[in-house]
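**Student:** the following comprises the amino acid sequence and a computationally predicted model.
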Amino acid sequence: MKKVMAVNAGSSSLKFKLYEMPEESVICSGIVERIGFDDAIFQIKYNGEKHVTVQPVKNHSKAVELLLNALINFNIIKSYDEIKATGHRIVQGGSYFSKSAIINEDTLTKVRDLIPLSPLHNQAELVGIEAFMNVLPNTPGICAFDTAFHQTMAEEDYTYAIPYEYSEQFKIRRYGAHGTSHKYLSEKGEAYCENGKDRMIICHLGSGASITATNHGKCVATSMGLTPLGGIMMGTRTGDLDPSVFNYCVSQTGKTSEQIYQEFNKKSGLLGVSGISSDARDIMEACNKGDKRAILASKLWARRVADFIGQYYVRLGGCDLIIFSAGIGENSAEFRKLALDNIKEAFNVKIDEVKNNETHGIENVISTPDSAIKVVVIPTDEEVMIARDAYNMLLK
């Protein structure tokens with residue numbers, strides 16, 4: 001048995017799980033939220049207990065220091081030497097990586113080169129890696145890339161219809177994201193498919209959201225694009241739209257392109273349309289009170305999800321399984337129903353209303369036996385995939 005640390009760094013957060021491998025049992029887990037603020041929240045779960053503190057956390061390096069100190073202070077480990085390997089989620093791996101990679105100078109150089117394609121995430125993830133390397137200089141690690149799973153897409157599925165020299169010179173293409181989650185879900189979904197029929201449409205629906213079409217466990221198409229801004233409507237992101245909308249907003253508002261770009265990333269989606277919140281729970285509460293913009297936001301979100309399911313049904317030549325996962329997909333029966341209501345007539349999808357309403361954060365089939373496509377909710381687990389790769393590549 002060997003301890004492996006899986007690290008998932010966001011732009012202002014750092015999630016972690018310490019595993020006993022190869023059993024894949026979780027020793028402890030936690031998160032540091034609001035990194036960069038004086039009221040950052042540190043939470044760690046161990047032995048059935050949860051400990052939460054609020055304190056200043058200046059940057060990701062300090063967040064790593066905080067969690068590593070907690071492992072000692074709570075007697076979770078006696079020495080850092082007990083951690084035999086680390087695995088780090090990296091959002092953008094470009095076309096360099098089709099699978100996880102061992103951390104070395106070449107890997108880190110390529111991750112740095114890709115910062116322009118994911119400035120908030122890749123930079124933070126590099127800081128996290130370097131912080132672990134400072135404290136655990138002799139502990140090997142791997143990078144698990146969100147984009148790696150999507151490298152099996154055909155050229156016509158990832159190429160944009162722009163002057164081709166731009167695609168070549170600036171590495172512009174559809175990269176996708178959430179690949180670690182989609183890979184995990186595609187593997188879990190195989191248990192629900194029969195006779196080799198495993199054409200899946202996987203809906204990772206959280207504040208950030210993406211939909212992926214897979215065939216025999218390989219990514220065929222995915223919704224997010226060059227960056228996580230593309231695809232379906234999200235909590236604060238626009239998703240796909242007419243490119244002229246961007247130029248028109250710049251010309252009409254007098255704002256800079258950067259300001260509009262940030263608004264499309266951080267002030268659009270459910271938040272922008274509803275004017276209330278980016279959180280699906282807040283939107284649904286407002287819908288129940290008859291708020292017209294909240295109702296519009298929820299309907300628009302559901303329509304965009306349905307659009308991609310329909311598109312991917314055609315791309316796959318049919319569908320054997322639809323998977324819902326992530327924050328909204330796992331926990332919101334109302335939002336699942338809104339999306340599925342948009343496709344039920346076209347694809348003869350039938351939902352068991354009782355099962356759907358009872359399903360919150362658990363794995364469960366929510367379609368009826370006579371539904372033409374099976375629909376299942378599966379909680380995702382990106383961290384176990386990271387830990388699995390770290391163990392298999394470094395310790396097995």
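**Tutor:** Cool, got the structure. Numbering: from 1, shown residues only.
**Student:** which residue ranges form the helices in the stretch 1-150 of the chain?
**Tutor:** For the stretch 1-150 of the chain, the helices defined by DSSP state H, counting those that start in this stretch cover 60-73, 105-113, 119-135.
**Student:** of all these, which lies closest to residue 92?
**Tutor:** Nearest to residue 92, of all these, is helix 119-135, at 5.3 Å by CB to CB. Placement of C-beta: from N, CA and C, glycine included.
**Student:** may I have that closest one exported as CSV, CA atoms only?
**Tutor:** Presented in CSV, the C-alpha positions along helix 119-135 are these (Å, rounded to 0.1, in the frame of the first residue of the first chain):
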residue,chain,number,x,y,z
PRO,A,119,-4.0,31.7,-18.2
LEU,A,120,-6.0,31.3,-15.0
HIS,A,121,-5.6,27.6,-14.6
ASN,A,122,-2.2,26.6,-16.0
GLN,A,123,-0.4,29.3,-14.1
ALA,A,124,-2.1,28.3,-10.8
GLU,A,125,-1.4,24.6,-11.5
LEU,A,126,2.3,25.3,-12.1
VAL,A,127,2.6,27.2,-8.8
GLY,A,128,1.0,24.2,-7.1
ILE,A,129,3.3,21.7,-8.7
GLU,A,130,6.4,23.8,-7.8
ALA,A,131,5.2,24.2,-4.2
PHE,A,132,4.9,20.4,-3.8
MET,A,133,8.3,20.0,-5.4
ASN,A,134,9.8,22.4,-2.9
VAL,A,135,8.5,20.4,0.1
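**Student:** what's next to that helix, contact-wise?
**Tutor:** 5, 7, 9-12, 14, 35, 59-61, 63-65, 68, 80, 86, 88-92, 103, 108, 111-112, 114-115, 139, 141, 143 (CB atoms under 8 Å, 6 or more residues apart in numbering).
**Student:** list the buried residues in stretch 208-219.
**Tutor:** 208, 209, 210, 211, 212, 213, 214, 215, 219 (16 or more other CB atoms under 10 Å).
**Student:** switch these over to CSV; also include pLDDT, distance to residue 307 and secondary structure.
**Tutor:** What follows is the buried residues of stretch 208-219, written out as CSV (pLDDT from 0 to 100; distance: CB to CB, whole Å; DSSP: H, G, I helix; E, B strand; the rest coil):
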residue, pLDDT, distance to residue 307, secondary structure
208, 86, 18, coil
209, 92, 13, strand
210, 95, 13, strand
211, 97, 9, strand
212, 97, 15, strand
213, 97, 13, strand
214, 96, 18, strand
215, 95, 20, strand
219, 96, 19, strand
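**Student:** which stretches of the stretch 101-250 of the chain have low pLDDT?
**Tutor:** Scanning the stretch 101-250 of the chain for pLDDT under 70 picks out nothing.
**Student:** how about the strands of it, start to end?
**Tutor:** For the stretch 101-250 of the chain, strands defined by DSSP state E, counting those that start in this stretch occupy the ranges 101-102, 141-145, 199-205, 209-215, 218-222.
**Student:** right, and the ones you listed - which one's nearest residue 268?
**Tutor:** Of all the strands of the stretch 101-250 of the chain, it is strand 209-215 that lies closest to residue 268, at 13.0 Å by CB to CB.
**Student:** can I get the strands of the stretch 101-250 of the chain in a markdown table with distance to residue 292?
**Tutor:** Below are those laid out as a markdown table (distance: least, CB to CB, whole Å):
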| stretch | distance to residue 292 |
| --- | --- |
| strand 101-102 | 49 |
| strand 141-145 | 42 |
| strand 199-205 | 23 |
| strand 209-215 | 23 |
| strand 218-222 | 33 |
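**Student:** for residue 241, which of the ones you listed is the nearest?
**Tutor:** strand 209-215 (15.2 Å).
**Student:** what helices and strands are in contact with the closest one?
**Tutor:** Under the contact criterion of 3 or more CB pairs under 8 Å, 6 or more residues apart in numbering; DSSP states H and E, strand 209-215 touches helix 179-189, strand 199-205, strand 218-222, helix 292-316.
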